[in-house]
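Peer 1: Mind looking at a prediction? Sequence and model below.
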Amino acid sequence: MSRIIMVLLVCFLYSCGQVTRQDKVSSLANDVGEISETTHMIGDLPIYNFDQLEPLLNRKDNKTYVINFWATWCAPCVKELPYFEKINAEQKNANVEVVLVSLDMKKMWESHLIPFIEKKDLKSKIVILDDPKQHAWIPKVNADWSGAIPATIIYNGDKRAFYEQSFTYDELKNHLDKFITQ
C-alpha cells in the first residue's frame, strides 16, 4: 500500500512540475508572441527561428513595441541596455512593450547570456533568435538593415521606424515619444 502511495505521490509531483512549465509557457505566449508546446526554451527564455519571431514584429494591436536586436558580445548593445530597461520600467503602464531579441550564439546561451541577464537583472521581455539564415531574415526585418547590431524597431500599428544605431536614453525616449503621443 505504501508503495502505491509513493508512486502516486511521485506522479503527482511530476505532473505539478509539468503544469508549472505549461503555465509559464502560456504566460509567455500571452506576453511575448507565438509560443507553443514545440517552442524550445532555455530556462525562461523562448528560442525562436525567424518564422516564430516574425509575428512579434508585425502585431496590429494598440500597443507600441520597442524591439531591440542585441548580443552580450556587442559593446554598444550592452551599453544601451540600461536605457531600454529604463523605458520598460517607465512605460510599463503606458501600453508600451520592450522586447530584447538576443542574437547570441547557441554556445553562449548558458555560459554568457543567462548569467548576463541575471547579473544585470534585466526585466524586459527577452527572446533568443536562433536562425542561421541571416541573409533571408535580415531584409524581412528591414530592407535597409546591413545586419549590424544594435538595431531597433519601434512600431505601433502601421507606423514603424527602424534604427541601425545605438541610443542614449534621451534619443530612445524622443523616438518613442513620437509613437506614444499620437
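Peer 2: Everything's here; your move. Please read all numbers here as calculations on a predicted model, not as lab measurements.
Peer 1: ok, so what distance separates the closest residue to W109 other than its chain neighbours from V101?
Peer 2: What sits nearest to W109 in space, not counting adjacent residues and going by CB to CB, 6 or more residues apart in numbering, is I42, at 5.2 Å. Glycine gets a C-beta too; all of them are placed from N, C-alpha and C. Using CB to CB, to the nearest Å, I42 is found at 14 Å from V101.
Peer 1: Between these two, which has more neighbouring residues?
Peer 2: V101 (23 against 14; other CB atoms under 10 Å).
Peer 1: I'd like the secondary structure assignment at the more buried one, please.
Peer 2: strand (DSSP: H, G, I helix; E, B strand; the rest coil).
Peer 1: Please report how far it lies from H175.
Peer 2: Applying CB to CB to V101 and H175 gives a distance of 18 Å.
Peer 1: Can you list the strands that the helix or strand where I128 lies pairs with?
Peer 2: If you go by DSSP states H and E, I128 is part of strand 125-129. Note on strand 125-129: by DSSP bridges, its sheet partners are strand 45-48 (parallel), strand 96-102 (parallel).
Peer 1: And the contacts of it?
Peer 2: 31-33, 42, 45-50, 53, 56, 69, 97-104, 109, 113, 117 (CB atoms under 8 Å, 6 or more residues apart in numbering).
Peer 1: all strands in the chain, in order from the N-terminus.
Peer 2: 40-42, 45-48, 64-70, 96-102, 125-129, 151-156, 159-163 (DSSP state E).
Peer 1: Output those strands as CSV; include the columns mean pLDDT.
Peer 2: Formatted as CSV, these follow (pLDDT from 0 to 100):
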stretch, mean pLDDT
strand 40-42, 88
strand 45-48, 96
strand 64-70, 98
strand 96-102, 97
strand 125-129, 97
strand 151-156, 97
strand 159-163, 97
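Peer 1: any idea which helix or strand of the chain has the worst average confidence?
Peer 2: helix 2-31 (a mean of 37; mean pLDDT, DSSP states H and E).
Peer 1: Could you report the pLDDT at A94?
Peer 2: As predicted, A94 sits at a pLDDT of 89.
Peer 1: for P76, same thing?
Peer 2: pLDDT, P76: 98.
Peer 1: Give me the neighbour count for the residue nearest to it when sequence neighbours are not counted.
Peer 2: Closest residue in space to P76, ignoring its immediate chain neighbours: S166 at 4.0 Å, by CB to CB, 6+ apart. Counted with other CB under 10 Å, residues neighbouring S166 total 21.
Peer 1: How about K106?
Peer 2: Neighbours around K106, by other CB under 10 Å: 12.
Peer 1: So it versus H112, what's the distance?
Peer 2: K106 is 11 Å from H112, by CB to CB.
Peer 1: what is in contact with these two at once?
Peer 2: With CB under 8 Å, 6+ apart as the test, K106 and H112 reach no residue in common.
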